[in-house]
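Peer 1: I'll drop the sequence and a predicted model, then ask my questions.
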Amino acid sequence: MRYSLALGGLAALLCWAPPPAQAGVVPVSITVFSKTNNQVALQWTPAPASDRYRVQRVDSLADPFLDDPTGFYSDFTWAGTNAGPVGFYRVQVTPLSDDALLAANALNRIAYGPTPDELDRILTGPSPIGPAAYIAEQLAPQSIPDDLDSQSPRTEWTYVTATGTATAGRLYLYLSAPGSAYVDDVAVVKGTEPEAGPNLIANGGFESALLPKWISTANFSGSAQSGNQSHSGSKSLLLVGTAAGSGSGNALYQDFSGFVAGQIYTLSFWYLPTNENVKLTVRLSGTDVGKVDVALAPALPPITAAYQDLQSLKGGLGTLRSWFVQRAIRSPRQLLEVMSQWVENHFVTEYTKSLDYFDRFYDDSALMDRLATSLEFREMSKWRAALLKPDCAFKDLLRISAESPAQIIYLDTVDSRGDGNNIANENYSREVLELDTFGVDNGYDQQDIVAMSKAWTGWALKVVDPPNIDNPLALQTTNKLDYTLTNQTALTSISNLSGVWTFGFRSSRHNAKEKIIFPNKTVPARFGQPWAGRNYQLKLLARAGNDGINDGYDVINHLADQPFTQEFISVKLCRLLVHDNFQHGVYDYTDLARLSEEGRLVHSCMLAWETGSPKGQIWKVLKVILDSDLFRKNGGSMQKVKTPLEFCVSAIRALRSDLGNGRFSASSDGVSIVGTTSSSSSSPLIRMGVMRLFNRVEPDGYPEAGAGWISGGTLAERAHFVEAFLMGPSDSAKLDGMGITANVNLANPVGLLRARLPAAQWSDPSAVASLFLRLLFPAEGAGNLEGYRATATRFLDTSDSGATASPFKTLDPTSAAYDTRVRSMVALLMTSPRFQEQ
Amino acid sequence: MDQSLKTALGVALSTLVDIPPVIRRALAEGNIGINGKKLLFIFLRGANDSLNSVIPVMDPAYFDMGTVANPNPTRPDIGLDKDPDPSAEYSKLGPCFDATRMADAAGTARASGDAVYSYANAINLGNGFAALHPSLKFLAPLYNAGQLCLIHRVGYPRQSRSHFDSQNFWETAAPYSSTVRDGLFYRAMVESGLASKEPLTGVSVQRSLPQILRGSQAAMTNLTDTGRYSVLGVPGSTGAAKGASFLSELNQHPFPDKANREMLRLQYDNFNETIGIFKDLKPNFSDAGNIFRDDIATDGDTDWYKANGNQGYYLFPTKAEINGGYIRPGSPSTKNAAKYVAPPDTTTTEFFTNLKAAALILNKTSAVVAGTQLDGFDTHSNQGSATGQHANLQRRIGWAMYALQKYFTRYADKAAWKDVIVVTLTEFGRTTVQNSNGGTDHAEAGVMWVAGGSLKGYTGARSGVFGCHPNDPVKWIVGPPNQAGIGDGSMFGVQDRYLKRAFDYRSVLGEIIRKHLGATDTQVRRIIPGYADAKETLLARGVSGIDGTEIMGEPGIL
């Protein structure tokens, strides 16, 4: 009788307030309770960000509930033992801590996803700074040290490693041409981790004479132990070659004992850069496995080299894109990077349209590539400089866009004329309202577009002397590329001018008459105070000559801080940082109590915009969003789908941990994400839905909302990307038709797990799976990841073909099989639905 | 059920954002997906300049909107010229001038050496008023076979001139609705009752799943690259099967609700279910499988026909080598750029790769609707005239329609040409008067091309042009704006600047969904909610209760 009452009364009983227990522990609602063949089963609604679920039972409601450890739990269902006890049941959940949730939200939104090291620094390390400090830091990017663009060439001892299988137990060192190199601390170990385990190389520190272990042959017989330089100890190897080496019979080499064919080995060494134009090769026996080539000349880190190329107009679109993506991966100023992409995408332009424009004047496609790229890089540099000012206002960003030659070309202002009977081009006028400031159907109509289109006439391009790059009233340069030109046509031809392309006002094309935009329009009542009822008519008086340029500036100043702009931009920033479901043009701010939480957040953003001096300070608006509950709690958490850019960058970052000596457990050259050149059509970003950075065809920018990015075809490409990324460097499928010479998206998940798990757990599939689940899905909570953990564990215990059981614990952690198993499991998790979210 | 109750039910249901699954099942009715009829759509993104597609060549205001004393050319740089040959006779009724058979209006036969687009004048459509842009010459054989309907002056009330709003309105078939967010063809597929049973119902082949196929109750399918629709696996050579099976398992684990999780779950499931289908089609998708050819001496090119074993041009120019008659084999082989049927660039190859895949999918699978898109119609500057930017875009359309007719005729498997309709969509038309950049800006009504083996197009007695004649039920009014006693010419019928609509795009799509796909009247009211609102006047001619414009209802193409 007691039992039947308990079962029958369950639903009501669950409504009871839980007894005082641990702080933060809350009950969840049980949706199914059944008793079949004496077996009790429960099913409940998953709660967001749940660290742990506990099924508790009590015989009598007078007694305290206790955990019931007897049942089997999977996917939010629990089944008791057969013929187990019947009684009152409840399910309790321990949510993630506020700090853990906020840290995850912050890393997913104001950064391009968590990295293991950032998670440690903020939350899980020995002295975490906490998410609040991280957010405060990111809101002031100018105070975060960042030398990625200004690093010096490396001249000190440099560490190098390579992993692969070999055909024999022999290690070669040789040079590509006559020259010499200092090398020290050579090691070869089993497995994928450098220097983990016994060094198979004898006298790798060269503290003893080369012989008997090191044998020098042919062109390298002049090599010797040297006391001039050393990385450790007091000696190193001075490798001396009189001509190029080739390995067998023409190298310095050592045979090591205990070689096993098919075993994976990792070699490592240090070398000292010199100014010689020579390559040093170190490799195991076998052609391309466990091989590394290093140029001895000191080289700039690729990201700095790319930046310098762009600054000196030597970079094409491929360079710009790879610089931008490398910054997204590595920059300590993550929110600045996120905002740079947001601004670029908001004021979107199309590189190809600039290319078409320059095609009027030039024939050299490489030159046109650099010119079109320079316009994109110039506006990006200006936006970044503006964003580095604490009081950066939206007006500053809008003005940079309006003055950008890329924009003037993109939306056809460049040829628009308003003089005489000419009908001004409406393209920019429409999109500056619809897409850049007010938002569609928000405070303007077709007449305003037509009236404003006249204001922009004359905003065109010129070639000016470099000091005039920011002076739109400067005259076109008269400097010629070739001073010997005498032909009159060649002399006046634009293609022969020596200078920089920039915004230049052409008063002869300007419509000099009076214009009235937004005639007697007033701000609608729904905006409430202080905005409602304001008359926002803009009257531009007739202006002659160069004064006509001020039509455009008056428009910029007028549009930038109108409530429509405040609303639309706030909505877009909320969509970026919180979730997709914010609207412009609909909220009624006169009745905040009845307004949704989303509407109230937009209103708060607008107040911060309106009350600042100057108005429209971006960092103030961002702070409002980052301080909101919508951002900090579950309302925004994991509610968005990653764009292809966010997906690729977050995948690299998710596995990227500093393993010491300049090594990282994941890295990308950027090129393997964006392609080499402007025309790369098979880069991952193109294949995942044609995300052509700096080169979008449509002026609305790439979508934030997920539905535009997700389909079977794009999921296939996302899977391909992470799988190729996780493949070992010698996997023949790794290139995956990218159209470049090598896929340099590199991952070393075994290195990561060795650094983060005690050796005793390296062979424990559940511990290994749990580690990566924590790193990849910090906002989800272990309780919600139980299903993924079970699948990942079973995956680790299954052979690579998927056909047979193959217990993970039987794999030697230094074996290639172990390495592959871990790589493929991590790839699986990153192919999953949850990794598409942020 | 009496009629008023039916209507009331239609209205009530039409307001639902998403049809709940239980109602969806209960209402499975009609013939969509089971009558063997299929639909192929091509969305022309950026807004096609309709006045240079189907040209009102007998409207003097197309050429000049001023007076003799004060001429004011309408399209001085971009307008198409009439054929000066008196035999062109644009006022005479008859078939469309077929520039694939004739080199000029006098009827001289085409020779193999003639450039494909040697005819540069407005092509006489034979309805006494309208003409085709010469880049669309390959439409003539379809037109004269009665298998092409050209529908002019297509728009909707309170036309939005924003690309993104207007594309969205076309794709949801519900302008300005705050409740209807899912796609038109998605709803049609849900109505078929097959969307939750068959892995393939609505398919697109392009960079992303378009709004017209999006909805929350079932997943439609989008392919980006037919050769890469797979899981790669780690290690690359052996891991694919394991990767795919565990990925499918991962997707079955429940999680707390979040904004995108149901969408992701459905799309992952759809991906997992369709990998096998597309793997089977891979030989057809591949370059080597692109064997589809015309059965006649295409474009009068008998030399090419003979040199290629009595076969015509390749239907899908997925690379420059098989684009029209560019390469003629034999001794010596020749390469002639004048023989391209579409511009030899990546836009062409990508478009025809996608179009071929869409056609194959309709022909080889259970899919009912498939389509793709063509970008680049936002011609604000230098759009060109007989040649140039806009002509290049239209060459692809003209050839695509021709190729699809041949493909579904010659290679029919699950879809024969009589069972297929091809329809184009575009968000709006462009300004009647050109701007200072030799381009056109955003405007109002546009053109829809509809092709198919069972259409009621041209016969000797009937025209295949709808909405481009002064004798239409809703007259095409010739002349400039503000004419005394007449009012605005049609091309200036909105704000003295824009072409005024005579058809609602929903009536065109509604007729196709009703009479071709086989939706019941009840279903069409759910698929296109405007059909349930008498004010919209979508079914038959009348005055729109939304904005007072007289419109023609369904065009009567089926």
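Peer 2: Received, thanks.
Peer 1: quick one, helices of chain B?
Peer 2: With DSSP state H as the criterion, chain B has helices at B:3-14, B:21-26, B:139-144, B:163-172, B:184-192, B:240-250, B:261-285, B:302-307, B:346-364, B:389-410, B:505-511, B:521-527.
Peer 1: mean pLDDT lowest for which of those?
Peer 2: Per-stretch averages of pLDDT across these put helix B:3-14 at the bottom, with a mean of 38.
Peer 1: low pLDDT regions in chain A?
Peer 2: A:1-24, A:287-289, A:483-492 (pLDDT under 70).
Peer 1: and the longest strand for it?
Peer 2: Taking DSSP state E as the criterion, chain A has its longest strand at strand A:179-190.
Peer 1: Whatever helix or strand comes next after it packs against which elements?
Peer 2: Remark: after strand A:179-190, the chain's next helix or strand is strand A:215-216, criterion DSSP states H and E. Applying 3 or more Cβ pairs under 8 Å, 6 or more residues apart in numbering or on different chains; DSSP states H and E, we find strand A:215-216 packed against strand A:252-255. Every residue, glycine included, has its C-beta placed from N, CA and C.
Peer 1: partners of the strand it packs on, with directions?
Peer 2: Using DSSP bridges, strand A:252-255 pairs in its sheet with strand A:168-175 (antiparallel), strand A:215-216 (antiparallel).
Peer 1: Would you mind measuring from the residue in chain A that chain B sits nearest to to residue B:508?
Peer 2: Relative to chain B, the nearest point of chain A is residue A:733 (2.3 Å; Cβ to the nearest Cβ). Distance, residue A:733 to residue B:508, using Cβ to Cβ, to the nearest Å: 47 Å.
Peer 1: likewise residue A:187?
Peer 2: 73 Å.
Peer 1: coming back round to it: could you dump the strands paired with strand A:252-255 to JSON lines with mean neighbour count?
Peer 2: Output for the strands paired with strand A:252-255, formatted as JSON lines (neighbours: other Cβ atoms under 10 Å in any protein chain shown):
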{"stretch": "strand A:168-175", "mean neighbour count": "22"}
{"stretch": "strand A:215-216", "mean neighbour count": "18"}
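Peer 1: Ok, which of the ones you listed comes nearest residue A:627?
Peer 2: strand A:168-175 (57.3 Å; Cβ to Cβ).
Peer 1: now the closest one against strand A:179-190, angle please.
Peer 2: Put simply, strand A:168-175 runs at 160 degrees to strand A:179-190, going by axes from the mean of the first three to the mean of the last three Cα atoms, to 10 degrees.
Peer 1: Close to chain A: what parts of the stretch 251-400 of chain B are there?
Peer 2: Contact residues, the stretch 251-400 of chain B versus chain A (Cβ under 8 Å from any Cβ of the partner chain): B:251, B:253-261, B:263-265, B:267-268, B:270-271, B:274, B:346, B:375-376, B:380-381.
Peer 1: Not counting sequence-adjacent ones, nearest residue to residue B:169?
Peer 2: residue B:175 (4.0 Å; Cβ to Cβ, 6 or more residues apart in numbering or on different chains).
Peer 1: actually residue B:270, not the one I wrote
Peer 2: Using Cβ to Cβ, 6+ apart, the nearest residue to residue B:270 is residue B:219, at 3.8 Å.
Peer 1: Also residue B:413?
Peer 2: residue B:363 (5.0 Å).
Peer 1: The one you found: neighbouring residues, count only.
Peer 2: 22 (other Cβ atoms under 10 Å in any protein chain shown).
Peer 1: mind listing the helices for the stretch 451-600 of chain A?
Peer 2: A:488-492, A:549-560, A:563-577, A:597-611 (DSSP state H, counting those that start in this stretch).
Peer 1: Keeping just the C-alphas, turn the third one into CSV.
Peer 2: Right, the one you point to is helix A:563-577. Extracted in CSV, the C-alpha atoms of helix A:563-577 (Å, rounded to 0.1, in the frame of the first residue of the first chain):
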residue,chain,number,x,y,z
PRO,A,563,18.3,55.9,-32.2
PHE,A,564,17.7,53.6,-35.2
THR,A,565,21.5,53.1,-35.6
GLN,A,566,21.8,52.6,-31.9
GLU,A,567,19.2,49.9,-31.9
PHE,A,568,20.4,48.1,-35.1
ILE,A,569,24.0,48.0,-34.0
SER,A,570,23.2,47.0,-30.5
VAL,A,571,21.0,44.2,-31.9
LYS,A,572,23.8,43.0,-34.1
LEU,A,573,26.3,43.0,-31.2
CYS,A,574,23.9,41.1,-29.1
ARG,A,575,23.5,38.6,-31.9
LEU,A,576,27.2,38.3,-32.0
LEU,A,577,27.7,37.8,-28.3
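Peer 1: tell me what that helix is packed against?
Peer 2: With 3+ Cβ pairs under 8 Å, 6+ apart as the test, helix A:563-577 has helix A:334-346, helix A:597-611, helix A:618-626 packed against it.
Peer 1: got a list of contacts for that helix?
Peer 2: Here helix A:563-577 makes contact (Cβ atoms under 8 Å, 6 or more residues apart in numbering or on different chains) with A:109-110, A:338, A:342, A:346, A:394, A:437-439, A:442-444, A:523, A:527, A:531, A:534, A:559, A:582-585, A:587, A:598, A:601-602, A:605-606, A:609-610, A:616, A:621-622, A:625-626, A:630-631, A:636, A:704-705.
Peer 1: Bridging across strands, which residues link to the most centrally placed residue in chain B?
Peer 2: In chain B, the centroid-proximal residue (Cα atoms, centre = their mean) is residue B:424; its distance is 1.2 Å. In this entry, residue B:424 is beta-bridged to residue B:42, by DSSP bridges.
Peer 1: how near is the closest residue to residue B:545 other than its chain neighbours to residue B:524?
Peer 2: Closest residue to residue B:545 apart from its sequence neighbours, by Cβ to Cβ, 6+ apart: residue B:535 at 2.9 Å. Applying Cβ to Cβ, the value for residue B:535 to residue B:524 is 17 Å.
Peer 1: Tell me which of those two has more neighbours.
Peer 2: residue B:524 (27 against 13).
Peer 1: That one touches residue B:531, doesn't it?
Peer 2: Yes: Residue B:524 is within contact range of residue B:531, at 5.2 Å (criterion: Cβ atoms under 8 Å).
Peer 1: Next, show the common contact partners of the two.
Peer 2: Shared contacts of residue B:524 and residue B:531, counting by Cβ under 8 Å, 6+ apart, come down to residue B:510.
Peer 1: so residue A:189 touches residue A:199, yeah?
Peer 2: Yes: with contacts counted by Cβ under 8 Å, residue A:189 reaches residue A:199, the gap being 6.2 Å.
Peer 1: Tell me which residues are up against stretch B:266-279.
Peer 2: Counting by Cβ under 8 Å, 6+ apart, A:710-712, A:715-716, A:833, B:199-200, B:218-221, B:223, B:226, B:229-231, B:244, B:247-248, B:251, B:285, B:365 sit against stretch B:266-279.
Peer 1: same question, stretch B:510-528
Peer 2: Contacts with stretch B:510-528, where a contact means Cβ under 8 Å, 6+ apart, come from B:6, B:9-11, B:13-14, B:19, B:27, B:29-35, B:37, B:39, B:173-174, B:184, B:187-188, B:191, B:368, B:421, B:423, B:450, B:452, B:454, B:506, B:509, B:531-532, B:538-539, B:554-558.
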